[in-house]
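Student: have a look at this prediction, sequence included:
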Amino acid sequence: MTDASMQSPETGRHAASLTATDARTIKRAKAEKRFRTYGIVAIATGLFFLVVLFASILSQGIPAFQRTVVSVDFTLTEQQREEAESTLFKTKAYSDLFIAALNKELTERGVEVDFDDAAIERLLGKVGGTIRTFYAENPDQLGQPIEFDLAASSRVDGYFKGRVSRDTLQDSRFLQLSDLDLVDALKEAGIIKQGFNWPFITGADSGVDNPGGAGIGASVVGSFFMMMVVLVLSLPIGVAASIYLEEFAPQNKFTDLIEVNISNLAAVPSIVFGILGLAVFIQFMHLPQSAPLVGGLVLTLMTLPTIIISTRASLKAVPPSIRDAALGVGASKMQAVFHHVLPLAAPGILTGTIIGLAQALGETAPLLLIGMVGFVARGYPDGFLAGFTEPNSAMPAQIYTWAARADVGFYEKAWGGIIILLMFLLTMNIIAIILRRRFERRW
Amino acid sequence: MNDMTRVERAVDSQDIKINAKNVQVFYGETHAIKDVNVDIEDKTVTAFIGPSGCGKSTFLRCLNRMNDTIDICKVKGDILLDGEDIYDKRVDPVQLRAKVGMVFQKPNPFPKSIYDNVAYGPRIHGLAKNKAELDEIVEKSLRRGAIWDEVKDRLDAPGTGLSGGQQQRLCIARAVATEPEVLLMDEPCSALDPIATAQVEELIDELRARYSVVIVTHSMQQAARVSQKTAFFHLGNLVEFGETGQIFTNPEDPRTESYITGRIG
Amino acid sequence: MPIAWLILIVLAIAAVGYVLGRSRALQSAGGDSRGLHSLPVFYGTNVALKTVVPAFGLLILWLLAQPLFVNSQISDMIPESAIKEGSSRSLVMAEVRRTASGLDNAVAQGTLSETAANNADADVSELTQILKDAGQVVTSDISQPVLNAAQRYRLMNATGYTIMSFVVLFVALIGAAAGWLQTNADYRARNVVEQGVGVLLLAAASIAILTTVGIVLSLVFNTWEFFKLYPATDFFFGLTWSPSFSGRGGLSELGIIPLLWGTLYISFVALLVAVPIGLFAAIYLSEYASPRVRSVAKPMLEVLAGIPTIVYGLFALLTVGPLLLNIFGADGLGWMKAGTAVMTAGVVMGIMLIPFVSSLSDDIINAVPQAMRDGSYGLGATQSETIRQVVLPAALPGIVGAILLAASRAIGETMIVVLGAGAAARLSLNPFEAMTTVTAKIVSQLTGDADFASPEALVAFALGMTLFVLTLGLNVFALYIVRKYREQYE
């Protein structure tokens, strides 16, 4: 019933004209603008962080791909070698020969500078040993002129990259101010120069005091073998589990139990999977420590929930009419699923799997617990099968080891390692996106 | 028939509340409303009828600029409320919508208490100076929504807990609370059962005393029962507009006749 | 790799069985496949499945059971006297296993003959030298009982694996034969194969349960061991964390409170960064942004979620830490002593969580029905009023769930805190001080030199248990809230 007792004027409260905005509306419009600005600021902040992150990765990581080398033309005759081998300090003899060659080259180019053995060792490490090993391995090179590319120490490298400067340098057993004069002279002579750092890409981890020699190659191989294990195990198991849950599972307590387990496992911290791997695979089953096989098993258990969740989503996206059509012509449930549903869901499943693999590739914490730390990656495995069982590291764990070392020279390597890791992840994600674009089907 | 008596007792000539001239509406490429001219009178119930997809709801949503919330929707032509163009750049749609309230197809109470549902509009527009005034507005609006007696003991209960018909009357009370001059109703009874529909229709007739009511309906019987003026839309065109009694008994356009007799629609 | 060969042989038998089963079925129907109950493929698959599944099942069980059996046998063989003071049976067993694998390596490299390796009276010191040359890390000189145990260990394992190979091959052949004999035109091969595949699918799905059981067992078992060495009340209520580095003994104080405090403090800072930014970003993207802005900004933000945590760790250690130190350090406000601090780790973790919060909240805000918004606009509410007073209250339970999930992420995050938060366990309110977390200590206790049997290593499992229970509780609760929320609008 309308209420006759209230006789408020119906239009009195509104502004007489629509075009005249009252004070309150102005205030509200301002609040609206403010609120909108908060949103823009939030997004801008997020994007700003992204930019800062990538800027610091690129600015600090790119130098890792450059190295400083001293290249000297060098010839060792059979006779010189025998003489050197007969002395008491063999490497010293080789080192003297090298210094002589260097001196010769310097005078040829008209540069004059004084230096001693110790300075050369500070610049280039133990040159004699390097040369000796080279000729021991390649005796056929004797008597022939070769250009030796010797990596400069990380501090000299830092001098070139601006990490070390004359103002801040303090004389130490690693580098002295006078050495920089030698470096400048060598640079003038064109003997010392910067080049692409192939050893960083192909090499293995070095000792704690040799950041210059550290490379990521061995741990890339470790990651590769781990991903093989993850792919071979998680794809079939994940797909089988998803098919069961999505197509066959009856509505009962056991199915509920599986479902609850999967959704919770997806959110269990990765380090807990590391503890699982340590306790079950290493303590209990005595699988070899630091082996990519074990790493792969742990990462498989970790990525399975992710893969199952995305696979189920793509199975669910196939409309029931497809199943009905197959069942209608007399196919069994199993045939309907394997002949029709699965192929239609395949692109989605692959995309999900690649994204799961990418996630596993970047995972660090569980690997540390099963011993896949960086310093284990001292070389390449002996063969294909050995690649699964021989101790190795993985890219993220290698990066962690570098980041945790005291020598600042390793930080550059860590950033460089991140660039390589991100390139792998980027490739995988691009493949996933292409797959999705190419095969995406809308029903 | 009962319906006819109601129609007859209707219209003494009223002021024009809304005046629409050459209104065109585009959804992206689609030309949804083609050149519609209509005058909506104050203190009158105007019904928009027509087959589904004819543009009647679209046109209704133009009257309080609800179409602004859809990015691809473009409106051309003039719509004047009390002689002022509501699509004028200086008009804040927020102020417009306080004057031109709306009730939707499906009851959509907020997930708040009944009291807060009704108080929402007065609060955002600052209509009450204090709690006592707000209480007064809420009670008055609930009474006008003909639901006061049913909910006065449980104003703190959630609005979503009411039955469908009660929810819709709550939504009407909520719309009334901002003191609108026009009430737009987009098929307000289509989600309700017959008894709830009858209650809402009765309420609409009462609302006519204070407001200009525009109702979109797909039910011709409902249009005949509650409205004094009827507009028939077909494929985006306003085919015929006139006294409800006349449209239903003696339509001028053959399309209107076909629709009313059930041959199209 | 004998096991690889074994697997290949079983697969070969299965392949042969497939061909034979298929042809036998066709033969029994007189060469006309229409006379068969099922397609010929199913008869072949039936035989292959019956070959492979029992054989591999047995293989896996055997591989799990044999080490257990051999270990307990050898363990009983070691006399009490051979266990040195301060050592334990499990340490001696580890030594035995190392020696055994050393012997294997030496034999494989040819530095030791098979007979010499099995000679029970061999000269222990000489053997130790040979093993060291073969590249096997042997901690000390091998003692006589250890050597004998190692030799016995090798022998038992070798015999075990030989028996296993025969049994597995036998089972495979029996299976193949059984499958082949069953095969005739009326045999319902398809139904049998499909049942078999169904069981395999179920087994795959059950791995999720096995994983959980594995996690729980490995945590519970080792935590139990820890509480035998260190009182549980001291662990849960201790206010000091200072493990002794000397190895063993009651000098360590292993109280979890400072670690939990660090964990929660850092997570809190992270949420303080992530929740406002993530939430406002989600609101802007779902309510205001044009489709074009949305299609660019949303994936860009989600890039942050795809970046591995080690990258964030390095970012914290080398970029954010020094940056904060510049502002709040000795040269600036003087609040901060080192780059690693609660702030550093918290801010970087917050950045990591932004896309997590924003995409979850985005989904949840989008689930609020449009009718709700229309109702509000129809009353003349502005967009921000609609969002603040209608959409957000309606979405609140879901958003709370999302924040809880983010909190659980923050609590379980490892690499950022390992690199960015510092190593000192501290009960302090100053966010610019270094603190450490449960996860960081799990890593440091298990990657250090402490042996597995010492409380200093075992405490990691108790920490892991606490972490697991904490995050699991949060997750279950959050998922429950989110599910309830979704049901409300479905």
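Tutor: Looks like it arrived, so ask away.

Student: for residue C:399, give its distance to chain B.
Tutor: Using C-beta to the nearest C-beta, to the nearest Å, we find residue C:399 at a distance of 14 Å from chain B. Any C-beta I mention is one placed from the backbone N, CA and C, and that applies to glycine too.

Student: contacting residues around that residue?
Tutor: C:279, C:361, C:364, C:392 (C-beta atoms under 8 Å, 6 or more residues apart in numbering or on different chains).

Student: tell me the one of those nearest chain B?
Tutor: Using C-beta to the nearest C-beta, residue C:392 is the member of the contacts of residue C:399 that sits closest to chain B, with 11.0 Å.

Student: where does pLDDT dip in the stretch 351-490 of chain C?
Tutor: In the predicted model of the stretch 351-490 of chain C, residues C:449-451, C:490 satisfy pLDDT under 70.

Student: quick check: next helix or strand after the lengthiest helix in chain C?
Tutor: The single longest helix within chain C, with elements called by DSSP state H, is helix C:189-229. Using DSSP states H and E, the next helix or strand after helix C:189-229 towards the C-terminus is helix C:232-237.

Student: tell me which residues in that next one are buried?
Tutor: residue C:235 (16 or more other C-beta atoms under 10 Å in any protein chain shown).

Student: would you state the helices of the stretch 101-250 of chain B in chain order?
Tutor: For the stretch 101-250 of chain B, applying DSSP state H, counting those that start in this stretch gives helices covering B:114-125, B:131-144, B:148-151, B:164-176, B:194-207, B:220-226, B:244-249.

Student: most neighbours, which of the contacts of residue C:399?
Tutor: For the contacts of residue C:399, the largest number of neighbours (other C-beta atoms under 10 Å in any protein chain shown) sits with residue C:361, at 27 neighbours.

Student: by contact count, what packs against the helix or strand encompassing that residue?
Tutor: Element membership for residue C:361, per DSSP H and E: helix C:342-366. Applying 3 or more C-beta pairs under 8 Å, 6 or more residues apart in numbering or on different chains; DSSP states H and E, we find helix C:342-366 packed against helix A:23-61, helix C:257-283, helix C:291-306, helix C:309-315, helix C:321-328, helix C:392-412, helix C:415-420.

Student: could you point out which element follows that helix?
Tutor: Immediately after helix C:342-366, counting by DSSP H and E, sits helix C:370-378.

Student: and that following helix, what's buried?
Tutor: Neighbour counts over helix C:370-378 (16+ other C-beta under 10 Å) mark C:372, C:373, C:374, C:375, C:376, C:377, C:378 as buried.

Student: go back to those residues and keep what's next to chain A.
Tutor: Checked against chain A using C-beta under 8 Å from any C-beta of the partner chain, the buried residues of helix C:370-378 give no members in range.

Student: poorly predicted segments of the stretch 51-200 of chain A, please.
Tutor: For the stretch 51-200 of chain A, no range has pLDDT under 70.

Student: and if you look at the stretch 1-150 of chain B?
Tutor: Counting by pLDDT under 70, the stretch 1-150 of chain B contains low-confidence residues at B:1-14.

Student: all strands in it, in order from the N-terminus.
Tutor: B:16-27, B:30-41, B:45-49, B:73-81, B:84-85, B:100-103 (DSSP state E, counting those that start in this stretch).

Student: now for these, which one comes closest to chain A?
Tutor: So among the strands of the stretch 1-150 of chain B, strand B:84-85 is nearest, using C-beta to the nearest C-beta, at 4.8 Å.

Student: mind listing the strands the closest one pairs with, and their directions?
Tutor: According to DSSP bridges, strand B:84-85 forms sheet pairs with strand B:73-81 (antiparallel).

Student: how far out from the middle of the chain is the partner strand?
Tutor: Computed by C-alpha atoms, centre = their mean, to the nearest Å, the chain-centroid distance of strand B:73-81 equals 18 Å.

Student: for stretch A:315-333, same thing?
Tutor: Stretch A:315-333 sits 42 Å away from the centroid of its parent chain (C-alpha atoms, centre = their mean).
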